[in-house]
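Peer 1: sharing a model prediction with you, sequence too.
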Amino acid sequence: MTKRFYEFSEIDKFLCYYSPKSPYGRNEKEEEAFYCETDKLNGIFDRIEQMISFVERYPQKADKIEYHLMRLPELNPNIADGNIRSELFNVKKFLHNYKQISHEFEIDFYSEELLKSLGHEDSQEESFYLKDDYSADLSRVRKQLREINSQLNKSKEKRVGEIHEATDLDFRFLNFLIIKENEIPPNSDSFIFLEQHDKSSVMVKPIFGKEFFLIHNLRKELLESEAGIESEILQMLKKQIIVEQEKLNTYIQTIIDLDTSMAKARLAIQFHCIRPRVTLLENLEFEDLEFIPLKEKSTRAKRIYTSLSVSFNEKNNVVTGSNMGGKTILLKTIAFSQLLVQQGFFVPARKISAPLFDSLNLIGMVNEDSNSGLSSFGEEILNLLETGKVGTRLYLVDEFARTTNSREAFALNCALLQWFAEQETVFSVTSTHLDQLPNFKCLSYWTMKGLDYEKYRLYYHRDKNRDLNERINLINNYMDYSVKPLVKSEVQKDALKIADILGLDSEIIKNAEKYLKNEEYNHGE
């Protein structure tokens, strides 16, 4: 798939509604996977179908699952690379939330022992702390620490009381005081330590006695002992996680499948999407297929939107029709739906059957701005050179060679259609203004139905006061955007009618009609 094809499809304007909740699901979305295997896609479609049923049947369970998906952390692939405590916390949080998901969705969970080792309790606590009962040594040291801390507090309280009595300075709730230099109590050298704070003030700290520092040093030794024991336990827990790494990897893949399937199911429900049917190369068929970016744009502009239906039974197809008749939108709709299918999404349509391709190629302009220094025709040639060379290939061709002279444009389009016909693994849809293109094997001709001018004339009287938006709405209201097989003698001639609706001077319209009649007469001779 080329970047240009992706941009042409405008699929990003639809996939902004696709919202996986976990970091693993979001990573999967960013990768923009493209599938060419029928079995792989059918497996994905099966999961989406199951998830739609689950979401609709158990909405509260689905909400709970999404809550826990959002709380899942992304695990470090190599626990040895990170901070051990942080990694153990993440593993515990991951297992805690995965267990809740497994309960709601009834999937297997095999890590009860590991979760228990990490300190999990039914309180649903998402924190990590080495409790005393991890080992007898840890329990003993922490008991001694609690006793030492009690002694230290008592010693501190006693000394603070002595200082208060001797100096009237109160350190019960503060570790230091700021006082004026002239407020320093007399005979306080053995009780307080002074530091200059500013030009007129000093910082005063209490001096604790020998007893306090003996207890403090003993506490420091116990803390070092506690840290050593904790380090041994952390290493033991790390080894347990490494042993269960394969299970964790399985859980992660389960999360990816579950999260993306649920997000795709939500999308399918929101936009009334259906499961696409994967077919052979010769068939592309859809009914009431909606190009969501245009549908939403039309809704905002208060314009009528028409879904598309067509059945291409040949590998190569040419679509003709007037300007503003919907040819480019047809190509965009095909690009949009094909990408949805091959990225594993349901499609907003009443029915869709689509082949799978190894590459998707666009020959035409995505937009009018170019930084390549080439003309639009030069870019089209570059597009052709950059397309896939092997495997099954889809080509969408939008007005190829439209900026060259008509004779060369006709010759180039004939040659391109002939090349398509000679390729066994190519499927193409070409839009063009050109008439009387030749027939080749596996080639069918179609046309956009175009402007219903008779219906338009019943309701519209030329009015120069209509603004541009009103005139565009008129064209939209009376344009039939459906596709039908082309009868060779039938040529769409809507350009003058559209120009009339848009407000072109009536004299120019009449003169154009005169020249058109003369040309038809001369060709008739």
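Peer 2: Received it, and whenever you're ready, just let me know what you need.
Peer 1: hey, let's count contacts and neighbours off CA atoms from now on
Peer 2: Fine.
Peer 1: quick one, helices of the stretch 401-525 of the chain?
Peer 2: For the stretch 401-525 of the chain, applying DSSP state H, counting those that start in this stretch gives helices covering 406-422, 453-459, 468-478, 495-502, 506-524.
Peer 1: any idea of the mean pLDDT for the longest one?
Peer 2: When you say that, I think you mean helix 506-524. Mean pLDDT, helix 506-524: 65.
Peer 1: now the first one
Peer 2: Averaged over helix 406-422, pLDDT sits at 91.
Peer 1: how far out from the middle of the chain is that helix?
Peer 2: Helix 406-422 sits 39 Å away from the centroid of its parent chain (C-alpha atoms, centre = their mean, to the nearest Å).
Peer 1: which other helices and strands does it contact?
Peer 2: If contacts are counted by 3 or more C-alpha pairs under 8 Å, 6 or more residues apart in numbering; DSSP states H and E, helix 406-422 sits against strand 316-320, strand 426-431.
Peer 1: could you list the residues in contact with that helix?
Peer 2: With C-alpha atoms under 8 Å, 6 or more residues apart in numbering as the test, helix 406-422 has contacts from 316, 400-402, 426-428, 434, 437-438, 440-443.
Peer 1: ranges for the helices of the stretch 151-300 of the chain?
Peer 2: Along the stretch 151-300 of the chain, the segments classed as helices by DSSP H, counting those that start in this stretch run 210-243, 245-271, 292-300.
Peer 1: let's have these in JSON lines, adding mean pLDDT, distance to S376 and mean neighbour count.
Peer 2: Formatted as JSON lines, the helices of the stretch 151-300 of the chain follow (pLDDT from 0 to 100; distance: least, C-alpha to C-alpha, whole Å; neighbours: other C-alpha atoms under 10 Å):
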{"stretch": "helix 210-243", "mean pLDDT": "92", "distance to S376": "57", "mean neighbour count": "14"}
{"stretch": "helix 245-271", "mean pLDDT": "97", "distance to S376": "36", "mean neighbour count": "19"}
{"stretch": "helix 292-300", "mean pLDDT": "92", "distance to S376": "24", "mean neighbour count": "15"}
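Peer 1: dump those to TSV, plus distance to A411.
Peer 2: Output for the helices of the stretch 151-300 of the chain, formatted as TSV (distance: least, C-alpha to C-alpha, whole Å):
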stretch	distance to A411
helix 210-243	66
helix 245-271	43
helix 292-300	33
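Peer 1: and those: which comes nearest S150?
Peer 2: Closest to S150 of the helices of the stretch 151-300 of the chain, according to C-alpha to C-alpha: helix 210-243, at 10.1 Å.
Peer 1: by how many degrees do that closest one and helix 245-271 diverge?
Peer 2: 70 degrees (axes from the mean of the first three to the mean of the last three C-alpha atoms, to 10 degrees).
Peer 1: and helix 210-243, what does it pack against?
Peer 2: Short answer (3+ C-alpha pairs under 8 Å, 6+ apart): helix 210-243 packs on helix 84-105, helix 112-117, helix 136-167.
Peer 1: before we move on, back to that, so which of the helices of the stretch 151-300 of the chain is nearest M70?
Peer 2: Closest among these, using C-alpha to C-alpha: helix 245-271, at 9.8 Å.
Peer 1: how far off centre is that closest one?
Peer 2: Centre-to-centre, helix 245-271 and its host chain are 13 Å apart (C-alpha atoms, centre = their mean).
Peer 1: which strands and helices lie in contact with that helix?
Peer 2: helix 23-31, helix 38-57, helix 59-71.
Peer 1: the same query, at a cut-off of 7 Å, please.
Peer 2: helix 23-31, helix 38-57 (3 or more C-alpha pairs under 7 Å, 6 or more residues apart in numbering; DSSP states H and E).
Peer 1: hmm, back to that, among the helices of the stretch 151-300 of the chain, which is nearest I44?
Peer 2: I44 sits nearest to helix 245-271 of all these, at 7.5 Å, using C-alpha to C-alpha.
Peer 1: re the thing from before, out of the helices of the stretch 151-300 of the chain, nearest to I65?
Peer 2: helix 245-271 (9.0 Å).
Peer 1: so where's the stretch 101-250 of the chain uncertain?
Peer 2: Within the stretch 101-250 of the chain, the stretches with pLDDT under 70 are 120-127.
Peer 1: please redo it, this time with the cut-off set to 50
Peer 2: Scanning the stretch 101-250 of the chain for pLDDT under 50 picks out the ranges 122-124.
Peer 1: just the stretch 301-450 of the chain next, same as before
Peer 2: Residue ranges of the stretch 301-450 of the chain with pLDDT under 50: 373.
Peer 1: just the strands in it please.
Peer 2: For the stretch 301-450 of the chain, the strands defined by DSSP state E, counting those that start in this stretch occupy 308-312, 316-320, 351-354, 359-363, 393-398, 426-431, 443-451.
Peer 1: and of those, who's closest to E49?
Peer 2: Closest to E49 of those is strand 351-354 (C-alpha to C-alpha; 15.4 Å).
Peer 1: in its sheet, what does that closest one sit against?
Peer 2: Strand pairing for strand 351-354, determined by DSSP bridges: strand 277-278 (parallel), strand 284-289 (antiparallel).
Peer 1: hey, C-alpha coordinates of the last one in CSV?
Peer 2: Taking only C-alpha atoms (Å, rounded to 0.1, in the frame of the first residue of the first chain), the coordinates of strand 284-289 have been written out as CSV:
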residue,chain,number,x,y,z
LEU,A,284,-15.7,-6.6,-6.4
GLU,A,285,-19.2,-6.0,-5.4
PHE,A,286,-20.9,-3.7,-2.8
GLU,A,287,-24.4,-2.4,-2.0
ASP,A,288,-25.1,0.9,-0.2
LEU,A,289,-21.4,1.3,0.6
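Peer 1: hmm, who's touching that strand?
Peer 2: For strand 284-289, contacts defined as C-alpha atoms under 7 Å, 6 or more residues apart in numbering pick out 307-313, 348-355.
Peer 1: again with stretch 69-82
Peer 2: Here stretch 69-82 makes contact (C-alpha under 7 Å, 6+ apart) with 21-23, 87, 90-91, 93-94, 97.
Peer 1: buried ones in that stretch?
Peer 2: 69, 71-73, 75, 79 (16 or more other C-alpha atoms under 10 Å).
Peer 1: for stretch 10-30, same thing?
Peer 2: Buried residues in stretch 10-30, counted by 16+ other C-alpha under 10 Å: 10-11, 14, 18-26, 28-29.
Peer 1: same check, this time on stretch 308-316
Peer 2: So stretch 308-316, judged by 16+ other C-alpha under 10 Å, has buried residues 308-310, 312, 314-316.
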